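> Requesting a structural model of the entry that follows:
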Amino acid sequence: MKLKKFSLALLFFVINFLLLFTFLSPQKYELRVGERAQEDIRATKDIENKIETEKLIKKAVENVQPVYRINPTVQAEIKSDIDNFFEQIYILKDNKDLELEDKIKKFKEVKISEKSIAKALSMDKQRLEYLKRYIFETINQIMNTGITKDEIDPLKEAIADSFQETNKFKSDEKLLGIEIINAFLRPNKFLDIEKTQQKIEEAKSSVDKVIIKKGDYILYKGEIVTQEKIDIINSLGIIEKKGREDFFVNISIATILLILEGLLGIYLYMFHRNLLENERKLLLLILILITTLVLSLPLSVISVYIMPLFTASMLISILLDSKLAIVCNFLVSIMAYLAIGDQNLFIISLISGTFASFASLEIAQRRSIIFTGAKIGIVNFLLAISLGFMYTTNLRELFLNSLLSLLSGVFSSILVVGSLPLWEHYFDILTSLKLLEISNPNNEVLKRMLIETPGTYHHSIIVGNLAERACDRIGANSLLARVASYYHDIGKLTRPYFFKENQIIIENPHDKIIPTLSAKIIKDHISEGIDLAKRYKLPREIINIIKEHHGTTLVAYFYHKAKEEGLEVKQEDFRYEGPKPQSKESAVVMLADSTEAAIRSIKEPTKEKIEDMIEKIVSGKLNDKQLDESNLTLKDLEEIKKAFLEVMMGMFHERIEYPKEGGENR
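Coordinates of the predicted model:
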């Protein structure tokens, strides 16, 4: 699997590298130090002079003063340690049972000489207290301003000198004070890496890049070529020596591509890990990006404004994800800018491509894509005119470019409409367009249901309404849930009259067969529905919901009937084969299916009865562990119950609110 992903990444890299190399191969010159330039050499596009910019950045960083912070707890800890030291001295002074040598050994962990310890033990308590106060005053003076690690040793020397100069203590007392401070003194001022780095970044960002503008002279004809000029030209990567491939240009292209591909990979890993693990969809994404660039870049020979760069945004938004489309549009825009070097093209591609990602969400039919393309074209037109007035006075060229920009939007939409069925088919992608097409009542399967199983058809429509409202509430795919609801019971087409909703005037055929056979017929509508779905080439997601919408639920009626008839039965034989719902949409369809059937059986429905029934159905499925694998939360279930109640109240509103006395509710 990893090898396949690596192969896809390599394919993406190689094709894009070849595309960029084709468009970025610079003009070749032969330059040698000391010789005169044979012709003028200009910058072919706006490029940063990285050497000079780095010099300015380095100088700015060198001028940044490091930021330090004082840790107040260190001073308190030092004073506490010294307090403990003196307390131990006082305790041992009063201990008559220990010899002096044994008392001194108690301080072996402290870096104070035995001579000074002995001195401390021999001093009277009042004198020791005076020395301690003096030590604390000294520490307060030097630590309030903070001490760094580098300042510790010079500071200890200064403290020693200060003690030697005072006449408040004897020489051996001075030595004791110096050693106590030296033993416990430690840094309390530390480099604030975050704030220092912030200042460095601010200094870097304050430096203006040194830009060589498009058309600026790098070397004049006849000018003596210096090593500095050659270094600048090589660092800019706009020329290469005659007869040799420009190694630096190739490395630059490869580096930029690796960075862009890496960023796309990181984005997919962070926000679309399912797509990253799906090699089929990963290949789809790569092919869309490559195809868009392969089709667009050669058209730059005609005009950069006719390039259909928005094809990628529209296709990715429709087939995969609109947010991913926005990110990929940035990649396509950067690639196009690197290849062509046109600033206006970059701005138009960036803005209109993003607009295309959003606009594609509104597409309800395939013909709507053309209207979306027209909207994109209008945005292109306005952008091209606005940018044109900023940078040119040639009105004829301006309006021609604007018109071509308008056509590029339409051109992109035509490419999307033409290629979309191929992407859907070969990559097994279920789009909202596909869902809307198969939800058409004129679809062959739905027409069969309407004629052959009218009760099931009506039931499925109501289930669709329930599932759609519930999925809207919990943020699931409401369109998928609604369309899947239309097809969830197509297996009943095989034996329609064995299902209650289709038994209008005929007698119930289950009365003539044993409960085990009845249960098997009921359960078989799942496998028969899957077979029909495959025969009619319904999408995989809908087939999954057909398979899962009963989970492993018990066919309770026939199970209890079999037990009443005294048959030896196992509960497992009366349960659907499953699997349990694996998605929120599948679970919602399960709940909607059971809810509609149950509420239809209520005589004289009221709000309270409907609400109780919904609660009973949802709780039953939950307690039966049918929802364990669906990712539904308890909060989702509450929202689903509210949605079901809203829909069912809408259906029974008149009957509940306006009953006719002495007559039938209408």
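> In three-state terms, label the residue nearest to Ala339 when sequence neighbours are not counted for me.
Using Cβ to Cβ, 6 or more residues apart in numbering and skipping the chain neighbours, the partner closest in space to Ala339 is Phe23 (3.9 Å). (Each C-beta comes from the backbone N, C-alpha and C, glycine too.) Assigned with DSSP: H, G, I helix; E, B strand; the rest coil, Phe23 falls in the helix class.
> Phe23: what's it in contact with?
Residues counted as contacts of Phe23 (Cβ atoms under 8 Å, 6 or more residues apart in numbering) are 297, 300, 338-340.
> can I see the domain layout of the protein?
68-191, 251-428, 435-657 (automatic domain parsing).
> and Ser206, which of those is closest to it?
Closest to Ser206 of these is domain 68-191 (Cβ to Cβ; 21.9 Å).
> Figure out how far that closest one is from the centre of its chain.
57 Å (Cα atoms, centre = their mean, to the nearest Å).
> just use 669 as the starting number from now, easier for me
I'll keep to 669 as the first residue from here, and by that count the last item is domain 736-859.
> what's the span of it from first residue to last?
One end of domain 736-859 to the other measures 4 Å (Cα to Cα, to the nearest Å).
> How about the residue most central in space within the chain: what's its closest non-neighbour residue?
What sits nearest the mean C-alpha location of the chain, by Cα atoms, centre = their mean, is Phe939, with 2.4 Å. Of all residues not flanking Phe939 in the chain, Lys991 sits nearest, at 7.2 Å (Cβ to Cβ, 6+ apart).
> Tell me which helix or strand the one you found sits in.
helix 990-1008 (DSSP states H and E).
> and the helix or strand where Ser675 lies, which residues are buried?
Assigned by DSSP H and E, Ser675 belongs to helix 670-692. For helix 670-692, a neighbour-count test (16 or more other Cβ atoms under 10 Å) marks 676-677, 680, 683-685, 687-689, 691-692 as buried.
> Then stretch 795-802?
So, applying 16+ other Cβ under 10 Å, buried residues of stretch 795-802: 796, 799-800, 802.
> What mean pLDDT does it get?
Stretch 795-802 shows a mean pLDDT of 84.
> Please apply the same query to stretch 1172-1180.
pLDDT averaged over stretch 1172-1180 gives 77.
> Between the two ends of it, how far is it?
17 Å.
> just to revisit the earlier point, most widely separated two among the contacts of Phe691?
Across the contacts of Phe691, the longest distance by Cβ to Cβ is 12.2 Å; it joins Ser968 and Leu1006.
> So those two - more neighbours on which side?
Leu1006 (20 against 17; other Cβ atoms under 10 Å).
> Any chance of a markdown table for the buried residues of stretch 795-802, columns distance to Ile954 and secondary structure?
Compiled in a markdown table, the buried residues of stretch 795-802 are given as follows (distance: Cβ to Cβ, whole Å; DSSP: H, G, I helix; E, B strand; the rest coil):
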| residue | distance to Ile954 | secondary structure |
| --- | --- | --- |
| Leu796 | 80 | helix |
| Leu799 | 78 | helix |
| Lys800 | 75 | helix |
| Tyr802 | 76 | helix |
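> Identify, from those, the entry nearest to Glu833.
Tyr802 (13.0 Å).
> how close does the closest one get to Glu947?
Separation of Tyr802 from Glu947 (Cβ to Cβ, to the nearest Å): 76 Å.
> Keeping just the C-alphas, turn stretch 944-951 into CSV.
Output of stretch 944-951 as CSV, limited to C-alpha atoms (Å, rounded to 0.1, in the frame of the first residue of the first chain):
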residue,chain,number,x,y,z
LEU,A,944,-5.2,9.8,2.0
GLU,A,945,-5.9,6.1,2.8
ASN,A,946,-8.1,5.7,-0.3
GLU,A,947,-5.7,5.1,-3.2
ARG,A,948,-8.5,5.3,-5.7
LYS,A,949,-9.5,8.8,-4.6
LEU,A,950,-5.9,9.8,-4.2
LEU,A,951,-5.3,8.9,-7.9
